[in-house]
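Colleague: Here's a sequence, model it:
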Amino acid sequence: MRLVPRGRGLRDPDLRDRLYELLEHDPLAYSVGSRFIQLIIGVIVLNVTAMILASVPELDARFDTLFSAISILAVTVFALEYAARLWTVAGHTQRQGSVQGSALADRLSYAFSALGIIDLLAFLPAAIVLATDRHATLAGLGVLPFFKLVRYSPAMRSLLAAVHAERRALIGCVVILAGVVLTFASLLYAVERDVQPSKLGTIPDAMWWAIVTLGTVGYGDVVPVTPLGKTISVFAIISGFAMIALPVAIISSAFAEEVKRRDFVVTWGMLARVPLFSHLSASEIADIMRLLRARTIEQGEILVRRGDVASSMYFITAGEVEIALPSQQVRLGDGTFFGEIALLHKTKRSGTVTATRKTRLLLLDAQDFHALIARMPTLAAHVHQTAKARLGETGDLAAAELEQAEQDGTDR
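Modeller: This next block holds a predicted model:
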């Protein structure tokens, strides 16, 4: 009888799903997943720092045991994480057909994915080097775990997504750059090959000068000496500015679009669930999203006080707030909202709102909202209808604010 629970525990799909959610999904602030990510990032930073310091002979001789212990710790943590991902990736989605075949396909897909290869390289080469006791090589491998930050950094993921999205344009930039390098290298070779045969006697030699000049690095090891060669260099330098600006502009524009897209995905679902906005079209919700402002409040910070004039509504994207009403204490967490009636009635707050932990909010000002309903008559009608409907809901914060507005004589 004791073997059954043990077997079920090892094959418990709920356990695997929960662990998969912990490992793969972006967690909310102050969750178990958030602490796990902080642990992994801490190990990555510690390991990379130790490997950098280990390249200094004096420090390596003095702290060899400490550096080795850090390496062993990092290898162990990364190996366990890789094994956990390899196990949990199977079965996190429902598939038809053979369970074993689906599990194998999922695991092979992860193992050969870019993130899977990064996870493997974060510990396998270091483990091999530790086994052979080659500390110098181990120090050279210290950069590999750094690439694991791609998984945990939204900014790095957005940058890689931007580069992937603009890969054709960037390849075009490389082709243009190669053509420009060949052009200026050939010109300088034709002009200065007889003057500087040791430095510019071949086109490959001249290509080194062209690359350095177009990159605006200017090492100074190869420079033209003839007037015509110097003139060519001037045009090469000017062209180099364009060669640098072109890919930078492409990547920065794509990166900005990717960040905007990520923000859009994060806030879209939350706004669509708000009763005031649920009936709107996609373009109208997008119009509202452009008016939102982000704000972060620390634990214990008071967002609004009872009696304050309310002029905004708030959406909680991560964290939790406590609202102290005259008769009760209410806590609101991720995905909830409050203060929407204030956009209509500009009433005084019926409760004091305090952050119970660090909280990220989206704010929509009354002025912006009134401009919206001026452009959207259907939204204005729905706002008034929703306000009356919510008045009858028990425990509704918006109803409490509306009642306060009526008491103050501000409801017209």
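Colleague: now the stretch 301-412 of the chain, which segments are flagged as low pLDDT?
Modeller: 335, 341-346, 383-412 (pLDDT under 70).
Colleague: Where do the helices of it begin and end?
Modeller: Taking DSSP state H, counting those that start in this stretch as the test, the helices found in the stretch 301-412 of the chain are 342-345, 366-375, 377-391, 397-408.
Colleague: Let me see the mean pLDDT of the lengthiest helix in the chain.
Modeller: In the chain, ranked by residue count with DSSP state H as the criterion, the top helix is helix 227-273. For helix 227-273, the mean pLDDT works out to 83.
Colleague: swap in stretch 163-170?
Modeller: Averaged over stretch 163-170, pLDDT sits at 89.
Colleague: Show me which residues of that stretch are buried.
Modeller: If you call a residue buried by 16 or more other CB atoms under 10 Å, then stretch 163-170 has these buried ones: 163, 165, 166, 170. In short, each C-beta sits where N, CA and C put it, glycine included.
Colleague: Can you list phi and psi of the last one for me?
Modeller: Backbone torsions for residue 170, taken as degrees, to the nearest 10, come to phi -70, psi -40.
Colleague: Can you report how many residues lie near the spatially closest residue to it that is not a sequence neighbour?
Modeller: Leaving aside its sequence neighbours, residue 170 sits nearest to residue 247 (CB to CB, 6 or more residues apart in numbering; 5.9 Å). By the criterion of other CB atoms under 10 Å, residue 247 has 18 neighbours.
Colleague: Look up how far residue 183 lies from the residue nearest the centre of the chain.
Modeller: By CA atoms, centre = their mean, the chain has its centre lying nearest to residue 154, at 1.1 Å. Counting by CB to CB, to the nearest Å, the separation of residue 154 from residue 183 is 41 Å.
Colleague: Same question for residue 193.
Modeller: Counting by CB to CB - residue 193 and residue 183 are separated by 16 Å.
Colleague: same deal with residue 339?
Modeller: Note on residue 339: its distance to residue 183, by CB to CB, is 62 Å.
Colleague: Settle it for me: which of these two has more neighbours?
Modeller: Per other CB under 10 Å, whichever of residue 339 and residue 183 has more neighbours is residue 339, with 23 against 15.
Colleague: Now do the domain split for the chain, please.
Modeller: Domain ranges of the chain: 3-152, 167-260, 282-408, per automatic domain parsing.
Colleague: Pull the number of nearby residues for residue 40.
Modeller: 19.
Colleague: what does residue 174 give?
Modeller: 10.
Colleague: again, but for the one 4 residues further on
Modeller: Taking other CB under 10 Å as the criterion, the count of residues near residue 178 is 11.
Colleague: repeat for residue 244
Modeller: By the criterion of other CB under 10 Å, residue 244 has 14 neighbours.
Colleague: Just to check, it is in contact with residue 215?
Modeller: Yes - between residue 244 and residue 215 there is a contact under CB atoms under 8 Å: 7.4 Å.
Colleague: ok, back up a step: just tell me which of the domains of the chain ends up closest to residue 158.
Modeller: For residue 158, the closest of the domains of the chain is domain 167-260, at 4.5 Å, according to CB to CB.
Colleague: For that closest one, measure first residue to last.
Modeller: When the termini of domain 167-260 are compared using CA to CA, to the nearest Å, they are 19 Å apart.
Colleague: hang on, the earlier thing: after the longest helix of the chain, next one along is what?
Modeller: Note on helix 227-273: by DSSP states H and E, the next helix or strand toward the C-terminus is helix 282-289.
Colleague: counting contacts, what elements does that following helix pack onto?
Modeller: helix 227-273 (3 or more CB pairs under 8 Å, 6 or more residues apart in numbering; DSSP states H and E).
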